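1. all I have is the shape, not the residue letters:
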């Protein structure tokens, strides 16, 4: 069963600085995580339902199964990426694990 780590980043104080770091540093760290099958990242540009754009950016990291995700997070590369997340994630940012249908 494929699983994905879904990361929702709330609005940063300085969106341009956040994106520069995210795209220039954080994304390349993610790409090095062992067992990562696919990585997608996107900047939220509008709320289709007309509500607030609570989130600035979303990331989805796909793995073959829960065991592969746990191994990836426990790897040196996963720990390095998690450390960077702790440094850059605006308050209220969230991470979820989802089972892909």
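-> Thanks, I have the structure now. Predicted, not measured: the structure shown is a model, and the values here were computed from it.

2. where are the low-confidence patches of this protein?
-> Applying pLDDT under 70 to the chain flags no residue at all.

3. those strands in it, which residues are they?
-> In the chain, strands defined by DSSP state E lie at 3-10, 38-43, 55-63, 94-99, listed in chain order.

4. could these go into CSV alongside distance to residue 20 and mean neighbour count?
-> C-betas here are computed from N, CA, C, even on glycine. Output for the strands of the chain, formatted as CSV (distance: least, Cβ to Cβ, whole Å; neighbours: other Cβ atoms under 10 Å):
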stretch, distance to residue 20, mean neighbour count
strand 3-10, 14, 19
strand 38-43, 12, 12
strand 55-63, 12, 20
strand 94-99, 22, 12
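
5. can you lay out these as CSV showing distance to residue 31?
-> As requested, these are exported to CSV (distance: least, Cβ to Cβ, whole Å):
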stretch, distance to residue 31
strand 3-10, 14
strand 38-43, 6
strand 55-63, 10
strand 94-99, 18
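
6. select, out of these, the one closest to residue 80.
-> Nearest to residue 80 among these is strand 55-63 (14.2 Å), distances taken as Cβ to Cβ.

7. same for that closest one, what does it pack against?
-> strand 3-10, helix 15-21, strand 38-43, helix 66-74 (3 or more Cβ pairs under 8 Å, 6 or more residues apart in numbering; DSSP states H and E).

8. and the strands of the chain: which comes nearest residue 81?
-> Taking the strands of the chain one by one with Cβ to Cβ, strand 55-63 is closest: 9.2 Å.

9. that's all I had, so thanks and see you.
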